[in-house]
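# quick one: sequence and predicted model below, then my questions.
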Amino acid sequence: MYSEIQRERADIGGLMARPEYREWNPELIKPKKLLNPVKASRSHQELHRELLMNHRRGLGVDSKPELQRVLEHRRWNQLIKKKEEELEAKRLQCPFKQELLRRQQRLNQLENPPQREEDHAPEFIKVRENLRRIATEERAL
C-alpha cells in the first residue's frame, strides 16, 4: 500500500525540477529514489493502518505502558479478592468463635491499659521529676 503511493509520487514528477540525465550522456544510468525498507514492510503498513483506524474512532494512544496497566489490574484484582475472602471468613465464622474473639480483645485491653499522659511527656520533664524524687529522698534520710 505505502510502496504503491511512493511509486505514484515518483511517476508524477513532483514540483521540483529534475535534471535531464538523458541529455548529458545516454549511457549513464538514471538514479532512482530508494524506498525506505521500514515503511515498505508489511508489518509497518499494518501498524500504520491500525493507528489510522484508532485515530478515526477517537481512540488515543494510552499514556501508560501495557505492562504498568497489567500490573495495576492484577493489584486491583488481588485487593478485591482479599476483601472478599475477609468478608467470607467473617460470614463463615460461627457465633461461638466470634464471642471468643470479643472476650480475648476485652482481656487484652484490660491487661494493657492505655498509656497515661505522663508517658507522653517530653524527656526533660521526666528527668526533672526523677531529680525531685531523688532530692526528696535524700532530705528524708
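That came through fine.
# in the chain, which residue is closest to the centre?
The centroid of the chain falls nearest to Gln68 when counting by Cα atoms, centre = their mean (4.4 Å).
# what pLDDT does the model give that one?
The score at Gln68 is 87. That number is its pLDDT.
# check which helix or strand covers it.
Taking DSSP states H and E as the criterion, Gln68 maps to helix 66-92.
# list the buried residues for that helix?
The neighbour-count check on helix 66-92 (16 or more other Cβ atoms under 10 Å) flags nothing as buried. To be clear about C-beta, it is placed using only N, CA and C from the backbone, and glycine gets the same treatment.
# I'd like the next helix or strand past it.
Going down the chain from helix 66-92, the next helix or strand is helix 95-111, by DSSP H and E.
# tally up the residues packed near Leu35, please.
Applying other Cβ atoms under 10 Å, we find 13 residues neighbouring Leu35.
# output the below-cut-off pLDDT ranges for the protein.
Applying pLDDT under 70 to the chain picks out residues 1-24, 59-63, 114-119.
# 90 - rerun?
Low-confidence segments of the chain, defined by pLDDT under 90: 1-41, 44, 50-70, 86-102, 110-141.
# quick one on the thing from earlier: quick one: distance of the helix holding Gln68 to the chain centre.
Centre-to-centre, helix 66-92 and its host chain are 16 Å apart (Cα atoms, centre = their mean, to the nearest Å).
# how big is the angle separating it from helix 95-111?
Angle, helix 66-92 to helix 95-111, by axes from the mean of the first three to the mean of the last three Cα atoms, to 10 degrees: 100 degrees.
# returning to that earlier point: now the residue nearest to the centre of the chain: how far from Lys33?
Distance from Gln68 to Lys33, counting by Cβ to Cβ, to the nearest Å: 41 Å.
# cool, thanks, signing off.
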